[in-house]
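Participant: Fold the following and give me the result.
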Amino acid sequence: MHLIFLAVAPVMVIVLYIYFKDKFEKEPIPFLFKNFLLGAFASVLITFVLSIVASFIFQLPNDNSFIDQFIKAFIVVALVEEFSKYLIVRYYAQTNKEFNEPFDGIVYAVMVSMGFAALENVLYVFQHGVETGITRAFTAVPAHAAFAILMGYFMGKAKFSKNKIMLNLLGLFVATVFHGAYDFFLFINFIPGTVIGAFASLIVGIILSKKAIKRHQESSNFNV
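Facilitator: So this is what the prediction gives:
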């Protein structure tokens, strides 16, 4: 039980953080929970299928190849995972009447992403133990949240814009770039010191995420 708690606790902290950042018109908890579950199961299933397809297409056998690791990080992992989450937000959350202000893009993107991160974290912690759980609580889980906030920022704008397609895809693109950069610097660990690049990507992502949250709070339809 302590391993499950270790895996899920950082996810719940982020979920609550975003829930309380939604200051003016909170989303219904049952609908939030449905998005979380879809993130945990539907997006993970989509990721699994797309990962098999991407791995078959690209076939990257060389772990010490700079180019192979670039393709793996940005396409096989980042694009596949972010696209899987994007589909849930785009076709389930964004089309719902509860999605009624730009900040909701951040809320639902985070819920879906944290569902994904929760299941992923449970699997990692049970496989690798307590140390991995503690490390991921301060790295991978916040990274998933930051990518989701950046994607959700643009998807929130898209809902109320004439440029819906462009802004939605821009959200997917930005999340993929940050996710890909984070993973790429971790994957090329055959080059000394590259882990610094992963932390830099995470820190920049978190800083931009905080700015995105503030902007949507200030522009909320319900901020009167």
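Participant: Can you name every helix or strand that the longest helix belonging to the chain contacts?
Facilitator: Longest among the helix segments of the chain by residue count, using DSSP state H, is helix 103-128. In this structure, helix 103-128 makes packing contacts with helix 2-21, helix 29-37, helix 43-58, helix 80-88, helix 130-137, helix 140-159, helix 195-218, judged by 3 or more CB pairs under 8 Å, 6 or more residues apart in numbering; DSSP states H and E. Every C-beta, even on glycine, is put in place using the N, C-alpha and C of the backbone.
Participant: Ala181 is nearest to which of those?
Facilitator: Closest to Ala181 of the helices and strands packed on helix 103-128, according to CB to CB: helix 195-218, at 4.3 Å.
Participant: got the contact list for that closest one?
Facilitator: The contact list for helix 195-218, computed with CB atoms under 8 Å, 6 or more residues apart in numbering, reads 21, 23-24, 101-103, 105-106, 139, 142-143, 145-147, 149-150, 152-153, 156, 178, 181-186, 189, 223.
Participant: re the thing from before, and the angle for the longest helix of the chain with helix 80-88?
Facilitator: Per axes from the mean of the first three to the mean of the last three CA atoms, to 10 degrees, the angle that helix 103-128 makes with helix 80-88 is 140 degrees.
Participant: Buried ones in helix 103-128, by neighbour count?
Facilitator: Under the neighbour-count criterion of 16 or more other CB atoms under 10 Å, helix 103-128 has 103-122, 124-125 buried.
Participant: and it, how far from the chain's centre?
Facilitator: From the chain centre to the centre of helix 103-128 is a distance of 7 Å (CA atoms, centre = their mean, to the nearest Å).
Participant: Ok, stretch 163-180 next?
Facilitator: Relative to the centre of its chain, stretch 163-180 is centred 12 Å away, using CA atoms, centre = their mean.
Participant: List the buried residues in it.
Facilitator: Neighbour-count burial for stretch 163-180 flags 167-172, 174-180 (criterion: 16+ other CB under 10 Å).
Participant: Can you give me the neighbour number for Gly205?
Facilitator: Neighbour count of Gly205, defined by other CB atoms under 10 Å: 24.
Participant: Comparing the helices and strands packed on helix 103-128, which comes out most buried?
Facilitator: Of all the helices and strands packed on helix 103-128, helix 140-159 carries the top mean neighbour count, a mean of 26, counting by mean count of other CB atoms under 10 Å.
Participant: Only alpha carbons, please: show that helix as PDB.
Facilitator: C-alpha atoms of helix 140-159 as PDB (Å, rounded to 0.1, in the frame of the first residue of the first chain):
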ATOM      1  CA  ALA A 140       8.400  13.100 -14.200                       C
ATOM      2  CA  VAL A 141       5.100  13.900 -12.500                       C
ATOM      3  CA  PRO A 142       5.600  17.700 -12.400                       C
ATOM      4  CA  ALA A 143       6.900  17.400 -16.000                       C
ATOM      5  CA  HIS A 144       3.700  15.800 -17.100                       C
ATOM      6  CA  ALA A 145       1.700  18.500 -15.400                       C
ATOM      7  CA  ALA A 146       3.800  21.300 -17.000                       C
ATOM      8  CA  PHE A 147       3.300  19.800 -20.400                       C
ATOM      9  CA  ALA A 148      -0.400  19.500 -19.800                       C
ATOM     10  CA  ILE A 149      -0.700  23.100 -18.600                       C
ATOM     11  CA  LEU A 150       1.000  24.400 -21.700                       C
ATOM     12  CA  MET A 151      -1.200  22.300 -24.000                       C
ATOM     13  CA  GLY A 152      -4.300  23.200 -22.000                       C
ATOM     14  CA  TYR A 153      -3.500  26.900 -22.200                       C
ATOM     15  CA  PHE A 154      -3.800  26.900 -26.000                       C
ATOM     16  CA  MET A 155      -6.700  24.500 -26.000                       C
ATOM     17  CA  GLY A 156      -8.500  26.800 -23.700                       C
ATOM     18  CA  LYS A 157      -8.000  29.700 -26.000                       C
ATOM     19  CA  ALA A 158      -9.000  27.500 -29.000                       C
ATOM     20  CA  LYS A 159     -12.500  26.700 -27.600                       C
END
